[in-house]
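Participant: Using only what follows, build the 3D model:
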Amino acid sequence: MKPYNDSINKLQLESVSIRSLNQEDYSVLKDFLYEAIFIPDGVTPPPKDIIYNPELKLYYEDFGKGKADYGFVACIDEKIIGAVWVRIMNDYGHIDDDTPSFAISLYKEYRGMGIGTALMDRMFRHLKKEGYKKASLAVQKANYAVRMYEKLGFKTVDENEEEFIMVCELNEM
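Facilitator: I've put the predicted structure just below:
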């Protein structure tokens with residue numbers, strides 16, 4: 001796993017482990033959902049209770065009960081520092097009822113180190129093993145993560161004023 005930022009501490013990156021999200025971890029999805037909200041420079045962050053809005057609750061509510069509810073977490077010394085999870089849901093990135101939508105987030109101090117890429121790669125391999133052909137996501141156009149998604153094989157299939165809807169064909173990986 002090659003970090004994007006060459007100046008990071010390699011020991012720190014090497015100490016990151018990735019494991020399956022287990023039922024005891026499901027509560028962290030709310031924290032990481034809030035962390036995933038892109039906040040442009042100079043914009044006041046929304047209140048934390050925004051995650052209880054119906055359009056955001058569907059990312060975590062009853063997680064683990066759907067056929068495509070899968071997740072992985074990145075940890076350093078057993079502390080969860082990031083998460084990636086998918087489910088088939090009618091979210092902003094929904095393209096059809098057979099395609100899981102991605103959610104991914106890391107705490108700010110761990111971004112730009114390649115950990116998000118490693119989490120995404122782990123999920124891609126899992127989805128392929130489970131027989132999924134593609135995965136989708138929605139991302140704000142101004143979000144720095146757009147570049148990471150493109151490097152990982154996501155292509156824009158639709159867009160609106162603020163967001164790209166992107167799809168990754170898993171069989172092309």
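Participant: Contacts for the strand ranked longest in the chain next, please.
Facilitator: Of all the elements of type strand in the chain, the one with the most residues (DSSP state E) is strand 79-87. Applying Cβ atoms under 8 Å, 6 or more residues apart in numbering, the contact partners of strand 79-87 are 16, 21, 25, 28-29, 32, 59, 63, 66, 68-75, 100-107, 110, 115-116, 119-120, 122-123, 127, 135. The way it works is simple: take the backbone N, C-alpha and C, and place the C-beta from them, glycine included.
Participant: Next secondary structure after whichever strand or helix holds Leu33?
Facilitator: Assigned by DSSP states H and E, Leu33 falls within helix 28-36. As assigned by DSSP H and E, the chain's next helix or strand after helix 28-36 is helix 54-57.
Participant: May I have the strands that pair with the next helix or strand after that next one, each with its orientation?
Facilitator: Per DSSP H and E, the first helix or strand lying C-terminal to helix 54-57 is strand 70-76. Sheet pairing here is set by DSSP bridges, and for strand 70-76 it gives strand 16-20 (antiparallel), strand 79-87 (antiparallel).
Participant: which one of the ones you listed lies closest to Met166?
Facilitator: Closest to Met166 of the strands paired with strand 70-76 is strand 79-87 (Cβ to Cβ; 13.5 Å).
Participant: Can you name the next helix or strand after the closest one?
Facilitator: That would be, after strand 79-87 and using DSSP H and E, strand 101-106.
Participant: now the longest strand of the chain and strand 101-106, what's the angle there?
Facilitator: Counting by axes from the mean of the first three to the mean of the last three Cα atoms, to 10 degrees, strand 79-87 lies at 170 degrees to strand 101-106.
Participant: what's the weakest-modelled helix or strand in the chain?
Facilitator: Least confident helix or strand of the chain, by mean pLDDT, DSSP states H and E, is helix 10-14 with a mean of 57.
Participant: how about low-confidence regions in this protein?
Facilitator: Scanning the chain for pLDDT under 70 picks out 1-13.
Participant: Now with 90, please.
Facilitator: Scanning the chain for pLDDT under 90 picks out 1-15, 40-41, 78, 92, 112, 144, 171-173.
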